[in-house]
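**Student:** make a model of this:
(chains A and B)
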Amino acid sequence: MNAPFGETGALGPSAVLWLAPIIGFAFGWFLERGGLGNARKLAGQFYLTDLTVFKVMFSALLTAMLGAYWLDQFGLLDLQLVYLPETFVAPQAVGGVLFGAGFLVSGLCPGTSCVAAASGRLDGLAVVGGMLAGVFAFNLAFGWIEAFYDSTALGAVTLTDLAGVPRGVGVAVVTVLALGGFALAARIERRVK
Amino acid sequence: MTTVHQTLAICAAVLGLAAAAADRPDVDVAVLAAEMVSERDHITAPELAERIMRQDASLHVIDLRPRADYDVLHIPTATHAPLETLARQPFPRGASLVLYSEGSTHSAQGWVLLRLRGQRDVRFLREGMYEWLSRVMEPRLATDATDLERQEFARAEVQSRFFGGQPRSNMPRAEVPVGYWSAPSGSTSPATASAGPTTTADAIRATVGAIRRRGC
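**Tutor:** Next up, the predicted model:
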């Protein structure tokens, strides 16, 4: 039985739909246990007083990257079948800046706002409300921004494709950067304390 | 930093750095195109016969035809595998694969499949089973053969006898397809045929006749 199960037909469409909330709840549970339901902790990332966000996110990224890469190498997962989002340079850069600004103002990102709201924090609830209002406003304004939204398309590319290096080299580089980042984060946190 | 953190970091470093070493570089389609143009994608039947005769251990001959055809007749040492099996069948590292089918379509498609799967040494018989039968099992020599053709035929006779075939000498020239030998004589090449006593139309008729007779 090879992954991704939804694509290879090992799991039907309804089984995939049932599985989604289970994985979602697990994701939220681990975010909360990682301390990421707390807006002060998240805002600490931007002032370099608390690097929990960096550490949690980069460990998740590293685990997923190494897991996906090696499962693919051993033939248990076909990465060709895993959806790769397309790149639109300019609109995604603007979106990133907006996302960062919202993150800094609220102290929460979309995932952690749901976690905060679920654990009864009012600021989390407010951010979820703001996010839904933003989605609504985006859809109303879509006619005006559509041309920009579709501009500077590169297709479904990865950094290793653009650099023309094998995927494994990219995995090694990200691993080194992440481990270096963890060491640096530990040092910064020691200095702050 | 706790021992758990250190252990996890070491595991990540090992897996991450091993990825750079383990990765097979993606096959560049431009490289495949260059191999096709320079004809490094196929092998001739006598070359294949020679490798089978000297029991080349890295050689894997794969028959892509339907199972029933394989059961009736196949190239010695060949294993049977349809295209869909070829897409996922594992091969030993450093295997030298030779594909053949009835004609060349399936083996050329199989060549692309295997090259894209990262197999480096893949070749196919351009004219498939027909090429094996006509050039190894039943090599033909025209009555008016040149010295070069006779030399080639002498080599082909050895192979043919090894595989239990029937070399045939003293065939009419029209029964020996154009370009049959690796260095065809002037009289068999279409370019010089028009300049000689036979006309271009005759050469074309003879070639078409030969292709019809081979039923391929």
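
**Student:** and the host helix or strand of A:G102, what does it pack onto?
**Tutor:** Using DSSP states H and E, A:G102 sits in helix A:89-106. With contacts taken as 3 or more CB pairs under 8 Å, 6 or more residues apart in numbering or on different chains; DSSP states H and E, helix A:89-106 sits against helix A:39-46, helix A:122-149. No exception for glycine: its C-beta is placed from N, CA and C like everyone else's.

**Student:** rerun at 10 Å
**Tutor:** Helix A:89-106 is packed against helix A:39-46, helix A:110-118, helix A:122-149, strand A:153-155, with contacts defined by 3 or more CB pairs under 10 Å, 6 or more residues apart in numbering or on different chains; DSSP states H and E.

**Student:** flag every buried residue along it.
**Tutor:** For helix A:89-106, a neighbour-count test (16 or more other CB atoms under 10 Å in any protein chain shown) marks A:P91, A:Q92, A:G102, A:F103, A:S106 as buried.

**Student:** check stretch B:101-109 too.
**Tutor:** B:S101, B:E102, B:G103, B:S104, B:H106, B:S107, B:A108, B:Q109.

**Student:** go on, stretch B:85-96?
**Tutor:** B:L86, B:F91, B:A95, B:S96.

**Student:** same check, this time on stretch A:63-74
**Tutor:** A:M65, A:L66, A:Y69, A:W70, A:D72, A:Q73.

**Student:** cool, and stretch B:68-75?
**Tutor:** B:Y70, B:H74, B:I75.

**Student:** mean confidence for it?
**Tutor:** In this model, stretch B:68-75 has an average pLDDT of 89.

**Student:** only C-alpha atoms, please: export it in PDB.
**Tutor:** Presented in PDB, the C-alpha positions along stretch B:68-75 are these (Å, rounded to 0.1, in the frame of the first residue of the first chain):
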ATOM      1  CA  ALA B  68       1.900 -16.400 -25.800                       C
ATOM      2  CA  ASP B  69       4.400 -15.100 -28.400                       C
ATOM      3  CA  TYR B  70       7.200 -15.300 -25.800                       C
ATOM      4  CA  ASP B  71       6.300 -18.900 -25.000                       C
ATOM      5  CA  VAL B  72       6.500 -19.900 -28.700                       C
ATOM      6  CA  LEU B  73       9.800 -18.300 -29.400                       C
ATOM      7  CA  HIS B  74      12.100 -15.800 -27.700                       C
ATOM      8  CA  ILE B  75      15.800 -14.700 -27.700                       C
END
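
**Student:** between the buried residues of stretch B:68-75, which sits nearest A:T112?
**Tutor:** Checking those against A:T112 with CB to CB, the nearest one is B:Y70 at 61.0 Å.

**Student:** interface residues of chain B facing chain A?
**Tutor:** Where chain B comes near chain A, counting by CB under 10 Å from any CB of the partner chain, the residues are B:1, B:5, B:8-26, B:28, B:88, B:90.

**Student:** any of those residues buried? List them.
**Tutor:** B:L8, B:A9, B:A12, B:L15, B:G16, B:A18, B:A19, B:A20, B:D23.

**Student:** which of the buried residues of helix A:89-106 sit farthest apart?
**Tutor:** A:P91 and A:S106 (22.0 Å).

**Student:** give the contact list for A:K193.
**Tutor:** Counting by CB atoms under 10 Å, 6 or more residues apart in numbering or on different chains, A:K193 makes contact with A:T49.

**Student:** what is the nearest of the buried residues of stretch B:101-109 to B:D41?
**Tutor:** Taking CB to CB as the measure, B:A108 is the one of the buried residues of stretch B:101-109 closest to B:D41, at 7.6 Å.

**Student:** which SSE is that closest one in?
**Tutor:** Residue-wise, B:A108 maps onto helix B:105-116 under DSSP H and E.

**Student:** for chain B, what are the low-confidence residue spans?
**Tutor:** B:1, B:24-27, B:93, B:178-200, B:203-216 (pLDDT under 70).

**Student:** quick check: domain ranges of it?
**Tutor:** Domain assignment of chain B by automatic domain parsing yields the ranges B:29-131, B:140-214.

**Student:** tabulate these (CSV), appending distance to A:V82.
**Tutor:** Converted to CSV, those look like this (distance: least, CB to CB, whole Å):
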stretch, distance to A:V82
domain B:29-131, 18
domain B:140-214, 48
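
**Student:** where does pLDDT dip in chain A?
**Tutor:** Using pLDDT under 70, chain A drops low at A:1.

**Student:** which parts of it sit against chain B?
**Tutor:** Contact residues (CB under 10 Å from any CB) of chain A with chain B: A:55, A:59, A:62-63, A:65-67, A:69-70, A:73, A:75, A:160-161, A:164-179, A:182-183, A:186.

**Student:** please flag which of those residues sit within strands.
**Tutor:** Among these, no residue falls in strands (DSSP state E).

**Student:** what's the local residue count around the closest residue to A:L104 other than its chain neighbours?
**Tutor:** Residue nearest to A:L104 in three dimensions, not counting chain neighbours: A:F46, with 5.5 Å by CB to CB, 6 or more residues apart in numbering or on different chains. Counted with other CB atoms under 10 Å in any protein chain shown, the neighbours of A:F46 add up to 13.

**Student:** do I have it right that A:F46 meets A:C109?
**Tutor:** No: with contact defined as CB atoms under 10 Å, A:F46 does not count as touching A:C109 (11.9 Å).

**Student:** need the residues touching each of the two.
**Tutor:** Residues within reach of A:F46 and of A:C109 at once, by CB under 10 Å, 6+ apart, are A:V53, A:G100, A:F103.

**Student:** pipe the buried residues of stretch B:85-96 into JSON lines and attach secondary structure per row.
**Tutor:** As requested, those are exported to JSON lines (DSSP: H, G, I helix; E, B strand; the rest coil):
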{"residue": "B:L86", "secondary structure": "helix"}
{"residue": "B:F91", "secondary structure": "coil"}
{"residue": "B:A95", "secondary structure": "coil"}
{"residue": "B:S96", "secondary structure": "strand"}
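
**Student:** B:E47: which of those is nearest?
**Tutor:** Distances from B:E47 to the buried residues of stretch B:85-96, taken as CB to CB, are shortest for B:S96 (11.7 Å).

**Student:** that closest one touches B:L114, doesn't it?
**Tutor:** No: the pair B:S96 / B:L114 is not scored as a contact, 11.3 Å apart, by CB under 10 Å.
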